[in-house]
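Visitor: Attaching a predicted model along with its sequence, questions to come.
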Amino acid sequence: MRILAFDTSMTAPGIALLEAKKGRAKVIDVSHVKTTTDQTHGLRAEIVEAWAVSFIHKHGAKFDVIVREDFVARTSKQGHPVYSAWGACDRALNKFGLNFTTPAISQSAVKKAVVGLGKAEKHEVEAAVRKWTGYTGEFAKDDESDACAIALAYLIREGLIKGAE
């Protein structure tokens with residue numbers, strides 16, 4: 001089973017492809033893209049979309065599950081960039097005839113499932129991802145390990161992988 005997961009933001013979204021077999025999860029690939037606040041929201045969304053299209057294409061657009069982290073904004077100023085990035089990822093998926101296949105998972109639910117603590121810190125999430133998957137590669141940004149954690153949270157929630165060792 002191949003799981004594509006997005007940690008969606010406008011500044012540095014992350015993406016991860018994990019594979020689950022025989023009750024274990026393995027990191028296949030991770031990526032992120034960086035935009036800057038001196039760029040317009042429209043340009044930043046285009047950059048995010050192009051990056052997502054490239055990653056999806058690289059992996060043959062064949063995924064069993066596509067999931068993202070949930071986000072609820074308190075203000076429109078806070079929400080607009082994230083929702084723009086969501087739209088960019090939606091458009092990238094749609095180019096391949098794909099959509100998110102499962103409801104988004106809240107940040108606290110991701111942390112609770114993967115780390116065991118709903119308010120875990122970034123370094124704790126990364127350590128837990130490594131423990132669950134045995135991944136020894138580099139995470140260039142915590143957005144990459146966060147994307148892995150989102151995929152893991154789905155697998156854990158669905159009972160498709162066994163506990164970390």
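Guide: Ah, there it is.
Visitor: All the strands of this protein, residue numbers only.
Guide: 2-7, 14-21, 24-32, 65-68 (DSSP state E).
Visitor: which stretch among these comes nearest I56?
Guide: Checking the strands of the chain against I56 by C-beta to C-beta gives strand 2-7 as the closest, at 7.5 Å. (Glycine included, C-beta is placed from N, CA and C.)
Visitor: so the closest one versus strand 14-21, what angle?
Guide: Using axes from the mean of the first three to the mean of the last three C-alpha atoms, to 10 degrees, the inter-axis angle of strand 2-7 relative to strand 14-21 is 150 degrees.
Visitor: Please give me every residue in contact with V114.
Guide: Shown in contact with V114 (C-beta atoms under 8 Å, 6 or more residues apart in numbering): 120, 125, 128-129, 132, 149, 152-153, 156.
Visitor: Swap in 10 Å and give it another go.
Guide: Contacts here follow C-beta atoms under 10 Å, 6 or more residues apart in numbering; on that basis V114 touches 120, 124-125, 127-129, 131-132, 145-146, 148-153, 155-156, 164.
Visitor: how much space is there between it and R2?
Guide: 19 Å (C-beta to C-beta, to the nearest Å).
Visitor: Can you select the buried ones from the contacts of V114 in PyMOL?
Guide: This is the PyMOL syntax for the buried subset of the contacts of V114, where burial follows 16 or more other C-beta atoms under 10 Å:
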select buried, resi 120+125+127+128+129+132+145+146+148+149+150+151+152+153+155+156+164
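Visitor: P13 contacts V30, correct?
Guide: No - P13 is beyond contact range of V30, at 11.6 Å (criterion: C-beta atoms under 10 Å).
Visitor: Who has more neighbours out of the two?
Guide: Set side by side, P13 and V30 show more neighbours around P13, with 29 against 26, by other C-beta atoms under 10 Å.
Visitor: any idea how far the more buried one is from K21?
Guide: From P13 over to K21 (counting by C-beta to C-beta), the distance is 27 Å.
Visitor: cool, and F100?
Guide: Applying C-beta to C-beta, the value for F100 to K21 is 23 Å.
Visitor: and if you look at V65?
Guide: 14 Å.
Visitor: shared neighbours of the two, anything?
Guide: Jointly contacting V65 and K21 under the rule C-beta under 10 Å, 6+ apart are 1, 160.
Visitor: For those two, indicate the residue with more neighbours.
Guide: V65 (19 against 10).
Visitor: pLDDT score for that one?
Guide: pLDDT, V65: 98.
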